[in-house]
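Chemist: Predicted model and sequence below, questions to follow.
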Amino acid sequence: MRALHFGLRVTDLDRSIAFYRAVGYEVVGDVPDTGIGHLTMLKLPGDDFVTLELVYHPDFAPTDGDSPLSHFVIQVDDMEATRTQLTTRGVDVDEPTSPDGTPDFWTAMLADPDGNRIELVQWPPGHADGITAAEQPSS
């Protein structure tokens, strides 16, 4: 098994699409009339599949503090270049930090218009494209 995508409730579809496009996502399709709302499918340029689905329904919009989402993570090749590009597009990105204090591992946070947090990660050279089971403490 593997994760396919997640659905993210948004309060203003046009505003959210503009934000995620500024981050670098591409809209690959939408389904306007479903039981849970208007669905818009997005992917990053390097992804083969949809990784994010925006869900908009005016009767089921999230409210402040209502989202069960903690954050999601986007891998970047160059943190500083990515921050510069996003800032140029009007996206605020926190100052990067290195979780382990090394010069090659960086993370930075940003938030979408509904306050959903997004973590940018620049892995050190040779690191797998995601978090592996080998990196987790055994229980």
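Modeler: Received the coordinates, thanks.
Chemist: contacts for the longest strand belonging to the chain?
Modeler: Taking DSSP state E as the assignment, the strand of the chain that covers the most residues is strand 26-34. Strand 26-34 is touched from outside by Ile17, Arg21, His38, Leu39, Thr40, Met41, Leu42, Lys43, Leu44, Pro45, Val50, with contacts defined as Cβ atoms under 8 Å, 6 or more residues apart in numbering. Placement of C-beta: from N, CA and C, glycine included.
Chemist: now, which of those lie within strands?
Modeler: Per DSSP E, strands hold the following members of the contacts of strand 26-34: His38, Leu39, Thr40, Met41, Leu42, Lys43.
Chemist: Of the residues you listed, keep whichever come out buried.
Modeler: Neighbour counting by 16 or more other Cβ atoms under 10 Å classes His38, Leu39, Thr40, Met41, Leu42, Lys43 among those as buried.
Chemist: Dump the residues you listed into JSON lines; add distance to Glu119 as well.
Modeler: What follows is those, written out as JSON lines (distance: Cβ to Cβ, whole Å):
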{"residue": "His38", "distance to Glu119": "27"}
{"residue": "Leu39", "distance to Glu119": "24"}
{"residue": "Thr40", "distance to Glu119": "22"}
{"residue": "Met41", "distance to Glu119": "22"}
{"residue": "Leu42", "distance to Glu119": "17"}
{"residue": "Lys43", "distance to Glu119": "18"}
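Chemist: Same list (those residues) but as CSV, adding distance to Phe72 and pLDDT.
Modeler: Converted to CSV, those look like this (distance: Cβ to Cβ, whole Å; pLDDT from 0 to 100):
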residue, distance to Phe72, pLDDT
His38, 20, 92
Leu39, 17, 90
Thr40, 16, 93
Met41, 15, 91
Leu42, 12, 93
Lys43, 13, 92
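Chemist: hmm, which two among the contacts of strand 26-34 are most spread apart?
Modeler: Across these, no pair lies farther apart than His38 and Pro45, at 23.5 Å, counting by Cβ to Cβ.
Chemist: Could you figure out how far the longest strand of the chain is turned away from strand 37-43?
Modeler: What separates the directions of strand 26-34 and strand 37-43 is an angle of 160 degrees, with axes from the mean of the first three to the mean of the last three Cα atoms, to 10 degrees.
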